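**Q** Sequence first, predicted model second:
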Amino acid sequence: MSLRLGLPIAAVLVAADQFSKWFILNRVELDDVGQIPLFSAGPFGLDLTMVWNRGVTFGMLTGESTWHQVALSILALAVAVFLLRWMARAENRLTAAALGAVVGGAIGNVIDRLRFGAVVDFVDVHAWDWHWYVFNLADAAIVCGVAVLVIDALLRPSPAAKTQP
């Protein structure tokens, strides 16, 4: 049952992520424009800002070589396989859905890395001249999925508490 929930979530997220990146690159042509302001309310703002991320989350482990990109892709796929195995054994729907989000996000970014040698990031959130790292839908899915897994683990009753009268 867990895979029947988690895999479709992963598939929808991969499709939505890849569509959003195709749209940004081919319809908005953000790679040529660079930045498009979308929303501003006082000190808060949201822009489309083109960034080719050659590293991992928040631009860490950045590298230009083909081997670096292949190594990061293999690592991400290995993590996805581990998460799929966890998903198959998930005991509840929330865990399966969260794992589906993480797997979908990871696969979406691996596709970019293999196609372009970098991940397409374009969402730029800022406030008071401070900018969060530019991200994409896959990154958001990964962060939300991990947050749900952590909160679920913290709030779930322990097995010992379940058996007490």
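**A** Arrived safely, thanks for sending. Numbering: from 1, shown residues only.
**Q** hey, let's count contacts and neighbours off CA atoms from now on
**A** Fine.
**Q** Now the residue positioned nearest the centre of the chain: closest residue in space that isn't a chain neighbour?
**A** Nearest to the geometric centre of the chain sits residue 139, at 2.4 Å (CA atoms, centre = their mean). Using CA to CA, 6 or more residues apart in numbering and skipping the chain neighbours, the partner closest in space to residue 139 is residue 105 (6.0 Å).
**Q** Please, which helix or strand holds the one you found?
**A** Taking DSSP states H and E as the criterion, residue 105 maps to helix 93-116.
**Q** ok, residue 129 - how many residues close by?
**A** Neighbourhood size, residue 129 [other CA atoms under 10 Å]: 9.
**Q** cool, residue 27 as well?
**A** Neighbour count of residue 27, defined by other CA under 10 Å: 10.
**Q** wait, what's in contact with residue 47?
**A** The contact partners of residue 47, by CA atoms under 8 Å, 6 or more residues apart in numbering, come to 35-39, 123-125.
**Q** In which helix or strand does it reside?
**A** strand 44-53.
**Q** and the angle from that strand to helix 93-116?
**A** Orientation of strand 44-53 against helix 93-116 (axes from the mean of the first three to the mean of the last three CA atoms, to 10 degrees) gives an angle of 60 degrees.
**Q** And the residue nearest to the centre of the chain, how far from residue 5?
**A** Distance, residue 139 to residue 5, by CA to CA, to the nearest Å: 20 Å.
**Q** next one: residue 96
**A** Residue 96 is 6 Å from residue 5, by CA to CA.
**Q** got it, and residue 19?
**A** 22 Å.
**Q** Which parts of this structure are strands?
**A** Along the chain, the segments classed as strands by DSSP state E run 35-41, 44-53, 119-127, 130-131.
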